[in-house]
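Engineer: Here you go, sequence then predicted model.
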Amino acid sequence: MRKQWAAACIVAIVPIAAQAAWVAISSDAGKRVEIDPASVRKEEGAKQVVLGRILFDKELTDPRTSGPYKSIEALTRYDCAQRTYTTLKRTWRSAEGELLREEEVRSAAEMPVRSGSLDDKMLREVCRPKAPVDQQSAASKVAEKANEAAAELRKANDAMIQKEVQKSLKTAALPAPAPAAAPAPAKEAAPPAPVAAHAAPRPRPVRRPALQPGHEAAQQHAGIHWGYEGEGRPDNWGKLKAEYGTCASGRRQSPIDIRDGIRVDQPAIEFGYRPSQFRVVDNGHTVQAYVGGSSITLLGKRYELIQFHFHRPSEERVNGRGFDMVVHFVHKSEEGRLAVVAVLMEAGVENSFIQTVWNHIPLEKNQDVAPPSTLIDPGAFLPADRGYFSYMGSLTTPPCTEEVLWLVMRQPVQVSADQIATFARLYRNNARPIQPTFGRLIKESR
């Protein structure tokens, strides 16, 4: 009964045509990613097909039909052995679940699943071994009993709290008792107790639970999303959420003004960048692209390229000098350590690598474009001089995680003024201000 009621609430809130039992995989500002576990079907080998969807908080406008839609469903094939995925079909639906339009993805290409990405979460959910039916049934019964017990416990707890509240209110409303009469001497009648005048009763103070350090500021700024202007601006990041506290308290934050470094023979960065298919998304903070098959190796440690994105103006400065833009190539090792290669950009001649990305910027935020027949080579954007600065820092966006190895290429790369202006139409300023170095060691290639 409880399950039926919960399912009815979900359908009432988000009506959909098929009334699938959607399960949330990821939730972010403005959208939620879900799958329908009942839709999973096995194909040849280690391949699984599943129906998923992106559910947006607000209605968006479809550029093809000009109609409003609230969700995009995608039928996707995952290869559990090869860790790849292929999108087979997309469907746009209205807030009421009505079909707006659908399209078959022709010449669908297999895309690699990056570790730690949303596709990685989807693959692990779809490809994990399923329990036998009898075990699933037993587990379902146990879960149902546990839910019923939890409901009864919550009900009893609520009743107890309500009872205590009513008791406190009645106690506060009663007049204070008169002082007790003095004991009478033996064998004598006690004199009548004097009638005392009492002041109005004072209500008992309400005790509120003490907030943990850092949570008070987070409560005051609840609901404010981080950004680069207004109340969500960088100097407020540490107050927006408790988990963003490092943005304010960290002592190895990025970006920095790179100066007063020591010149040494730094090991060469081995760039294993390869042409590959790619996917571009405008995530509301920057233009970001995902690629596959590229990596760097430094001192024998390999870091896989996860994504690259852009900032305007450049977040880094070199001896006080800023640049028009910067691209950050974000890499991750098997141990989960991050290494970011920063390539500074200055106005000059047109750059074909940048133009390829710009050509595929989505029409709307939080949508992606994955051209099936176009390849991109991150190595084409590297400067001829591979000398670099290195230092330990952090992510330049919340939660400002530290222990990030920064490798800032010394020679800037030229892009055209028109290409800079194109990005400026989307993001006039999406650069975090310079952070204190606190005496960190900076190295520069000789």
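Structural biologist: Now that the structure is in, tell me what you want to look at. Numbers count the residues shown, from 1 in each chain.
Engineer: Report the buried residues of stretch 233-251.
Structural biologist: In terms of neighbour count (16 or more other C-beta atoms under 10 Å), stretch 233-251 has its buried residues at 234, 236-242, 244-248, 250. For the C-beta atoms, the positions are set from N, CA and C on the backbone; glycine is no exception.
Engineer: oh sorry, the question was meant for stretch 320-330
Structural biologist: For stretch 320-330, a neighbour-count test (16+ other C-beta under 10 Å) marks F323, D324, M325, V326, V327, H328, F329, V330 as buried.
Engineer: One more: stretch 374-391?
Structural biologist: Buried residues in stretch 374-391, counted by 16+ other C-beta under 10 Å: I376, D377, P378, F381, L382, Y388, F389, S390, Y391.
Engineer: now the stretch 51-200 of the chain, which segments are flagged as low pLDDT?
Structural biologist: Scanning the stretch 51-200 of the chain with the threshold set as pLDDT under 70 gives 63, 66, 106-109, 113-117, 128-200.
Engineer: buried ones in the helix or strand where A24 lies?
Structural biologist: Using DSSP states H and E, A24 falls within strand 23-28. Buried residues in strand 23-28, counted by 16+ other C-beta under 10 Å: I25.
Engineer: following it, which helix or strand shows up next?
Structural biologist: Moving toward the C-terminus from strand 23-28, the next helix or strand (DSSP H and E) is strand 31-42.
Engineer: Can you get me a residue count around P372?
Structural biologist: By the criterion of other C-beta atoms under 10 Å, P372 has 12 neighbours.
Engineer: mind checking which helix or strand it is in?
Structural biologist: For P372, there is no helix or strand it lies in under DSSP H and E.
Engineer: Go ahead and confirm it touches R279.
Structural biologist: No. If you go by C-beta atoms under 8 Å, P372 and R279 don't touch, sitting 10.8 Å apart.
Engineer: re earlier: which member of the buried residues of stretch 233-251 is positioned nearest Q411?
Structural biologist: Checking these against Q411 with C-beta to C-beta, the nearest one is P234 at 27.9 Å.
Engineer: Phi, psi for L344 please.
Structural biologist: Dihedral pair for L344: phi -80, psi 150, per degrees, to the nearest 10.
Engineer: how distant is the host helix or strand of L88 from the center of its chain?
Structural biologist: In this assignment (DSSP H and E), L88 forms part of strand 84-93. Put simply, strand 84-93 sits 22 Å off its chain's centre (C-alpha atoms, centre = their mean, to the nearest Å).
Engineer: Next, the angle strand 84-93 makes with the helix or strand that comes right after it.
Structural biologist: Per DSSP H and E, the first helix or strand lying C-terminal to strand 84-93 is strand 99-104. If you take axes from the mean of the first three to the mean of the last three C-alpha atoms, to 10 degrees, strand 99-104 sits at 150 degrees to strand 84-93.
Engineer: Provide a list of residues in contact with A339.
Structural biologist: By C-beta atoms under 8 Å, 6 or more residues apart in numbering, A339 lies in contact with I296, L298, Y303, H331, K332, S333, V404, L405, W406, L407.
Engineer: contact partners of the strand holding A24?
Structural biologist: Contacts with strand 23-28, where a contact means C-beta under 8 Å, 6+ apart, come from R32, V33, E34, I35, D36, P37, G52, L118, K121, M122, E125.
Engineer: List only buried entries from these.
Structural biologist: Neighbour-count burial (16+ other C-beta under 10 Å) is assigned, among the contacts of strand 23-28, to R32, V33, E34, I35, D36, G52, M122, E125.
Engineer: how's this structure carved up into domains?
Structural biologist: Using automatic domain parsing, the domain parsing of the chain gives 2-132, 230-445.
Engineer: all strands for the stretch 301-446 of the chain, in order.
Structural biologist: 301-311, 317-318, 325-332, 338-348, 368-369, 388-394, 402-409, 413-416, 443-445 (DSSP state E, counting those that start in this stretch).
Engineer: Quick check: which of those strands is buried the most?
Structural biologist: Per-stretch averages of neighbours, counted by mean count of other C-beta atoms under 10 Å, single out strand 325-332 among those, with a mean of 23.
Engineer: mind listing what that one pairs with, with the direction of each?
Structural biologist: Paired with strand 325-332 in the same sheet, following DSSP bridges, are strand 301-311 (antiparallel), strand 338-348 (antiparallel).
Engineer: Give the rounded mean pLDDT of it.
Structural biologist: Taken as a whole, strand 325-332 carries a mean pLDDT of 98.
Engineer: And the closest residue to A347 other than its chain neighbours, what's its pLDDT?
Structural biologist: Setting aside the residues directly before and after it, A347 is nearest to A417 in space (C-beta to C-beta, 6 or more residues apart in numbering), at 4.9 Å. Looking at A417, its pLDDT is 97.
Engineer: What is the burial count for G284?
Structural biologist: 14.
Engineer: so it sits in a strand?
Structural biologist: No. G284 is assigned coil when assessed by DSSP: H, G, I helix; E, B strand; the rest coil, not a strand.
Engineer: count of residues packed around the nearest residue to it once chain neighbours are set aside?
Structural biologist: Of all residues not flanking G284 in the chain, K365 sits nearest, at 5.1 Å (C-beta to C-beta, 6+ apart). Counted with other C-beta under 10 Å, the neighbours of K365 add up to 14.
Engineer: doesn't H285 make contact with K365?
Structural biologist: No. Judged on C-beta under 8 Å, K365 makes no contact with H285 at a distance of 9.5 Å.
Engineer: The strand or helix carrying R77 vs strand 31-42, what angle?
Structural biologist: Taking DSSP H and E as the definition, R77 sits inside strand 68-79. On the basis of the same axes, to 10 degrees, strand 68-79 is oriented at 40 degrees to strand 31-42.
Engineer: Kindly export strand 68-79 (C-alpha atoms) in PDB.
Structural biologist: Only the C-alpha atoms of strand 68-79 are listed here, as PDB (Å, rounded to 0.1, in the frame of the first residue of the first chain):
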ATOM      1  CA  PRO A  68       7.900  23.500 -24.600                       C
ATOM      2  CA  TYR A  69       9.400  20.300 -23.300                       C
ATOM      3  CA  LYS A  70      10.300  19.100 -19.700                       C
ATOM      4  CA  SER A  71      12.300  16.000 -20.400                       C
ATOM      5  CA  ILE A  72      14.400  14.200 -22.900                       C
ATOM      6  CA  GLU A  73      14.400  10.400 -23.000                       C
ATOM      7  CA  ALA A  74      17.200   8.500 -24.500                       C
ATOM      8  CA  LEU A  75      17.400   4.800 -25.500                       C
ATOM      9  CA  THR A  76      21.100   3.900 -25.000                       C
ATOM     10  CA  ARG A  77      23.100   0.700 -25.500                       C
ATOM     11  CA  TYR A  78      26.000   0.100 -23.000                       C
ATOM     12  CA  ASP A  79      28.800  -2.400 -23.700                       C
END
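Engineer: what pLDDT does the nearest residue to W237 once chain neighbours are set aside get?
Structural biologist: Spatial nearest neighbour of W237, chain neighbours left out: C247 (4.0 Å); criterion: C-beta to C-beta, 6+ apart. Listed pLDDT for C247 reads 97.
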